[in-house]
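S.K.: just to be clear, the model below is a prediction. Sequence and coordinates:
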Amino acid sequence: MSLRDAIDNFYERLVVDAIDATREESDTADYLADVMCVALNRLPTRYYRHSIDMMFYLADEELKEMKQKSLAVVQDAREFVREHQRQ
């Protein structure tokens, strides 16, 4: 197993959930991948090895704040990518 496969960024999961919650019919896979990159670059990293660790040590209020922050950043990233698409 590679070290790269041993860890994950918790915000990746939250950003995917936020993208799914704001998905529009016209969204393409390329557009959503760009949105995800922009959003993740605007969020802090929160690495973990085992998802149970995050759930056990993360306070409910902190998780709620992380979800809200992820949704707001995804909404901003959607607008940014729309405005900066190459023609």
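M.R.: It's in. Given the structure is predicted, the values throughout are model-derived calculations rather than measurements.
S.K.: check the offset of the helix or strand bottoming out on mean pLDDT in the chain from the chain's centre.
M.R.: Within the chain, no helix or strand scores below helix 51-57, which has a mean of 77 by mean pLDDT, DSSP states H and E. Relative to its parent chain, helix 51-57 has a centroid offset of 18 Å by C-alpha atoms, centre = their mean, to the nearest Å.
S.K.: run through the neighbouring helices and strands of that helix.
M.R.: Helices and strands touching helix 51-57, by 3 or more C-beta pairs under 8 Å, 6 or more residues apart in numbering; DSSP states H and E: there are none. For the C-beta atoms, the positions are set from N, CA and C on the backbone; glycine is no exception.
S.K.: what sits up against the lengthiest helix in the chain?
M.R.: Across the chain, the longest stretch assigned as helix under DSSP state H is helix 60-83. Here helix 60-83 makes contact (C-beta atoms under 8 Å, 6 or more residues apart in numbering) with 10-11, 14-15, 17-19, 21-22, 31, 34-36, 38-39, 42-43, 46, 58.
S.K.: helices and strands around the strand or helix carrying Asp20, which ones?
M.R.: Using DSSP states H and E, Asp20 maps to helix 10-21. For helix 10-21, the elements it packs on are helix 29-41, helix 60-83, judged by 3+ C-beta pairs under 8 Å, 6+ apart.
S.K.: now stretch 65-82: buried residues?
M.R.: Neighbour counts over stretch 65-82 (16 or more other C-beta atoms under 10 Å) mark Met66, Lys69, Ser70, Leu71, Val73, Val74, Ala77, Arg78, Val81 as buried.
S.K.: how about Tyr47, nearest residue that isn't a chain neighbour?
M.R.: Of all residues not flanking Tyr47 in the chain, Ile7 sits nearest, at 5.1 Å (C-beta to C-beta, 6 or more residues apart in numbering).
S.K.: state the distance from that neighbour to Tyr57.
M.R.: Distance, Ile7 to Tyr57, using C-beta to C-beta, to the nearest Å: 15 Å.
S.K.: any chance of the helices and strands packed on helix 10-21 in CSV, plus mean pLDDT and distance to His50?
M.R.: As requested, these are exported to CSV (pLDDT from 0 to 100; distance: least, C-beta to C-beta, whole Å):
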stretch, mean pLDDT, distance to His50
helix 29-41, 97, 21
helix 60-83, 96, 16
